[in-house]
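Engineer: I'd like to go over a predicted model; first the sequence, then the structure.
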Amino acid sequence: MKEVVVKCPATVANLVCGFDILGMALKEPYDIMKLKLIDEPKVVITNKDDYNLPTEAEKNVAGVVLLSIMEKLGGNIGFEVEIEKQIKPGSGLGSSAASAAGAAVAANLLLDNRFTKDELVQFAMNGEKLASGVKHADNITPCITGGVTLIRSIHPLDIVPLNSPSLFVTVVHPQIEVKTSDARQILRKEVLLKDAIKQWGNIAGLVAGFEKGDTDLIGRSLEDVIIEPVRSILIPGFDEIKTRSKEAGALGGGISGSGPSIFMLSTNEATAKSVEAIMQEVFQRLGIDYKTYVTSIAQEGVSEISTK
Ligand SMILES: Nc1ncnc2c1ncn2[C@@H]1O[C@H](COP(=O)(O)OP(=O)(O)OP(=O)(O)O)[C@@H](O)[C@H]1O
Ligand SMILES: N[C@@H](CCO)C(=O)O
């Protein structure tokens with residue numbers, strides 16, 4: 001096999017209370033990537049969309065991931081990469097992770113699956129370091145494995161796949177860019193013990209809720225007393241959307257990744273669509289362009305579309 005095309009899903013990191021440790025994959029939107037193995041030690045990137053992302057390997061997350069794989073392997077191998085993005089960079093929907101994870105998984109397919117899932121996560125985290133300044137795996141891991149995942153630790157890497165009940169996910173992506181690196185810089189570096197107690201109660205509740213399939217417990221645990229109060233000020237309409245979505249029957253939700261996208265979980269499609277209507281109404285009123293998705297949790301991560 002010399003060429004592979006893969007589909008790379010969007011992801012929701014943090015899942016409200018689990019900053020840097022929880023994430024889930026979505027069925028929509030997704031990027032498409034084509035990778036070709038070449039016998040020269042270089043990475044050639046072509047963009048097939050209008051986002052104008054850098055084509056220098058060292059400045060594109062896919063390139064950085066592939067360079068780290070080449071460094072590990074040595075020898076005369078390289079890659080030609082085509083990236084077709086649906087997931088807008090700076091959306092909070094794991095755009096950078098889709099390229100990083102997609103590059104790692106596609107390269108592994110071209111290299112006869114010589115790396116483990118954990119090794120792919122390690123390679124892909126180099127891409128997140130470029131995009132956000134920090135290695136974190138809460139987008140990368142669900143993007144590679146699908147489903148809902150807990151990253152108990154990245155040093156050493158300890159990934160815990162969680163059960164995911166069939167829930168509907170409504171997402172609104174206001175068309176403003178919030179860079180993860182900026183959204184991390186505004187966070188306070190210290191946390192009050194009383195807030196930490198609330199937060200770890202919620203994280204434990206959320207994990208237990210997923211494992212037991214207890215949707216009420218999931219809803220009660222979707223609360224973030226540390227990150228959301230700081231970041232939500234960057235997102236117009238956030239409080240109104242959250243309050244009205246819950247009144248309409250959503251379990252709860254919050255900022256997707258570092259924002260500006262907002263996600264809400266619902267147990268049925270009718271509620272998920274009512275939530276979408278609320279999101280549309282709010283952003284229309286605010287005069288801000290937006291895109292909405294009514295989707296669900298993807299059980300599959302980066303997946304092969306075709307090989308040659
Ligand atoms: N292949 C790529 N895909 C997406 N972004 C890239 C890529 N290569 C470089 N970048 C840069 O990474 C930044 C986008 O990453 P960032 O983490 O800020 O957004 P995101 O991945 O949509 O958000 P989040 O991680 O919160 O879901 C932009 O500055 C963009 O130029
Ligand atoms: N956990 C990361 C996800 C965004 O990439 C953050 O919230 O900064």
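Structural biologist: Ah, there it is. Ligands and ions are numbered 1, 2, ... in the order given.
Engineer: Can you get me a residue count around the nearest residue to Ile32 once chain neighbours are set aside?
Structural biologist: Spatially, and ignoring its direct neighbours in sequence, Ile32 is nearest to Glu84 (4.4 Å; C-beta to C-beta, 6 or more residues apart in numbering). (C-beta placed from N, C-alpha, C; glycine too.) When neighbours are defined as other C-beta atoms under 10 Å, Glu84 has 16 of them.
Engineer: Surely Glu84 and Asp31 touch.
Structural biologist: Yes. Using C-beta atoms under 8 Å, Glu84 makes contact with Asp31 at a distance of 6.4 Å.
Engineer: Backbone torsions only: list them for the residue nearest to Ile32.
Structural biologist: Main-chain dihedrals, Glu84, degrees, to the nearest 10: phi -120, psi 100.
Engineer: just the strands in this structure please.
Structural biologist: Along the chain, the segments classed as strands by DSSP state E run 3-13, 22-38, 43-47, 78-84, 148-154, 157-162, 168-174, 252-255, 262-266, 290-296, 303-307.
Engineer: hang on, the earlier thing: who are the contact partners of the residue nearest to Ile32?
Structural biologist: 31-33, 48-49 (C-beta atoms under 8 Å, 6 or more residues apart in numbering).
Engineer: at 6 Å what do you get?
Structural biologist: 32, 48-49 (C-beta atoms under 6 Å, 6 or more residues apart in numbering).
Engineer: out of those, which are buried?
Structural biologist: Neighbour counting with 16 or more other C-beta atoms under 10 Å marks 32, 49 as buried within the contacts of Glu84.
Engineer: Now tabulate the contacts of Glu84 in CSV and tack on distance to ligand 2 and pLDDT.
Structural biologist: As requested, the contacts of Glu84 are exported to CSV (distance: C-beta to the nearest ligand atom, whole Å; pLDDT from 0 to 100):
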residue, distance to ligand 2, pLDDT
Ile32, 21, 98
Lys48, 23, 95
Asp49, 20, 93
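Engineer: Go through the contacts of Glu84 and name the one nearest Asn163.
Structural biologist: Asn163 has its nearest neighbour among the contacts of Glu84 in Ile32, at 29.0 Å by C-beta to C-beta.
Engineer: Please identify the most buried of the strands of the chain.
Structural biologist: strand 262-266 (a mean of 28; mean count of other C-beta atoms under 10 Å).
Engineer: Mind giving me the packing neighbours of it?
Structural biologist: Using 3 or more C-beta pairs under 6 Å, 6 or more residues apart in numbering; DSSP states H and E as the contact test, the elements touching strand 262-266 are strand 168-174, strand 252-255.
Engineer: re the thing from before, which stretch in the strands of the chain has the least confidence?
Structural biologist: Sorting the strands of the chain by mean pLDDT places strand 303-307 lowest, at a mean of 94.
Engineer: Fine by me, we can end here.
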